[in-house]
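**Q** Need coordinates for the following:
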Amino acid sequence: MDIPKAHLVDMYETMVRIRRFEERIRELYFADKLPAFDIAAGLIPGEMHLSAGQEPVAVGMRPHLHPGDAITATHRPHHVAIAQGVDLNKMAAEIFGRETGLGQGKGGHMHLFSVEPNFGCSGIIGEGMPVAVGAAMAFKARGTGNIALSYFGEGAANQGAFHESLNLAALWKLPVVFICEDNAYAISVPKASSTAIPDNSDRASAYGIPGVLVPENDPVAVYEVMGAAMDRARRGDGPSLIEIKTDRLWGHFEGDADAYRSDEFKEDMNERDPLVAFGKRLVEEGVLSEAEQAAIKETEYATVEAAIDFALASPYPAPEAALNHVFA
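**A** Below you'll find the predicted structure:
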């Protein structure tokens, strides 16, 4: 791998942090929700969309980021937020609805927002694409040298916002990269039942911009493709569209019976777990020893646990705070 060792180690550390955070959130999400699943009960009421398996699409861009770059993500945002460097304590507190959270406990896990770094997400499908175009337009007008990244699922590529955003970004040669996380299912709908072509990256040709397919859920491949696209955007050469074939290891949301995916499909998917595969590759190629990997896991697990402890020790917002920070 012709990649600096520091970048490889950082990507692995970040993948471990993301996976452990998702595992702990998953464990605590089901507190008081069982044996009869009650989505409104427990420490984290409401829906929860976790990104285990999709870590490569987030960590591959991380070494190429500059301070001030903007990222918009989906309703499944934790991996991207963590990879960009959103404060883990504040993020955990927001998920648990505490006043020390990113949005003082009012946004929840689908509506994370952080000024530093420049991150936002939404539960609205395709919403982040025009927002990223707006950020890129501002960067170009101000001459900051920054770029915007927009993450979205393959289902969102059939939204009007996708085509409008690509068209305007290409027309004005804006510094933005569009990243399609193709996990093969838009909730329970398989891609072949909703999309006329196999690869959304081919749609880039309609707007005269590069379209690149990353066919495997590999952080190294994502690193290389994202580096080229992000450099292109910074040079002023305009946007790119990248589609990454990735895997959602768990259901669309926690509590999802996931019956629409066959047992064989899920078994194959679990056998190619990207965290396990990347860790094994780093050992085989002498980047990390098994002892070093164990030390990384110990450190990252402790970091996650500290964030969870911070969240659970934080107070809930006062009832009257519901009237603050709203539009009249």
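
**Q** CA atoms for contacts and neighbours, from now on please.
**A** Will do.

**Q** who touches the residue nearest in space to the middle of the chain in this structure?
**A** The centroid of the chain falls nearest to V80 when counting by CA atoms, centre = their mean (3.1 Å). Contacts here follow CA atoms under 8 Å, 6 or more residues apart in numbering; on that basis V80 touches 55, 57-59, 73.

**Q** Strands of the stretch 151-300 of the chain, residue ranges please.
**A** In the stretch 151-300 of the chain, the strands defined using DSSP state E, counting those that start in this stretch lie at 176-182, 185-186, 189-190, 211-214, 240-245.

**Q** Tell me the secondary structure of the closest residue to A161 other than its chain neighbours, please.
**A** Among residues not flanking A161 along the chain, G126 sits closest, at 6.0 Å (CA to CA, 6 or more residues apart in numbering). Put simply, G126 is coil when judged by DSSP: H, G, I helix; E, B strand; the rest coil.

**Q** my read: G126 touches E154, true?
**A** No. Here G126 does not reach E154: they are 9.9 Å apart, not a contact under CA atoms under 8 Å.

**Q** quick one: the residue nearest to S188 when sequence neighbours are not counted from A291, how far?
**A** Once flanking residues are discounted, S188 sits nearest to Y260: 6.1 Å by CA to CA, 6+ apart. To A291, Y260 is 40 Å away according to CA to CA, to the nearest Å.

**Q** These two - which one has more neighbours?
**A** Y260 (13 against 10; other CA atoms under 10 Å).

**Q** For the more buried one, give its distance to F178.
**A** 28 Å.

**Q** Then E264?
**A** Counting by CA to CA - E264 and F178 are separated by 31 Å.

**Q** again, but for Y12
**A** 23 Å.

**Q** where does this protein have low pLDDT?
**A** For the chain, applying pLDDT under 70 flags the ranges 328.

**Q** So what's the residue count around H7?
**A** Around H7 there are 17 residues (other CA under 10 Å).

**Q** so who does it touch?
**A** Here H7 is in contact with P63 (criterion: CA under 8 Å, 6+ apart).

**Q** just checking, what packs against the helix or strand that N89 is a member of?
**A** Here N89 sits within helix 88-95, counting by DSSP states H and E. Here helix 88-95 touches helix 290-313, going by 3 or more CA pairs under 8 Å, 6 or more residues apart in numbering; DSSP states H and E.

**Q** quick one, the helix it packs on and helix 88-95 angle?
**A** Helix 290-313 and helix 88-95 meet at an angle of 50 degrees, taking axes from the mean of the first three to the mean of the last three CA atoms, to 10 degrees as the criterion.

**Q** Output the contacting helices and strands for helix 290-313.
**A** helix 5-29, helix 88-95.

**Q** If I take that helix and helix 5-29, what angle do their directions form?
**A** Using the same axes, to 10 degrees: helix 290-313 against helix 5-29 is 40 degrees.

**Q** buried residues in helix 290-313?
**A** Applying a neighbour-count criterion of 16 or more other CA atoms under 10 Å, one finds 293, 296-297, 300-301, 303-305, 307-308, 310-312 buried in helix 290-313.

**Q** Run through who's touching it.
**A** For helix 290-313, using CA under 8 Å, 6+ apart, the contacting residues are 13, 16-17, 20-21, 88-90, 92-94, 96, 98, 100-101, 279, 283.

**Q** How about stretch 143-158?
**A** 66-74, 125-126, 128-129, 132-133, 135-136, 139-140, 162-163, 175-186, 191, 194-195, 200, 230, 233-234.

**Q** Quick one, which of the residues you listed are buried?
**A** 68-74, 125-126, 128-129, 132-133, 135-136, 139-140, 162-163, 175-186, 191, 200, 230, 233-234.

**Q** quick one: which of the contacts of V80 sit in strands?
**A** Assigned to strands by DSSP state E, the following of these qualify: A73.

**Q** In a markdown table, list the contacts of V80 along with distance to N217.
**A** Formatted as a markdown table, those follow (distance: CA to CA, whole Å):
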| residue | distance to N217 |
| --- | --- |
| E55 | 9 |
| V57 | 8 |
| A58 | 11 |
| V59 | 11 |
| A73 | 18 |
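
**Q** Since that was my last question, I'll sign off now.
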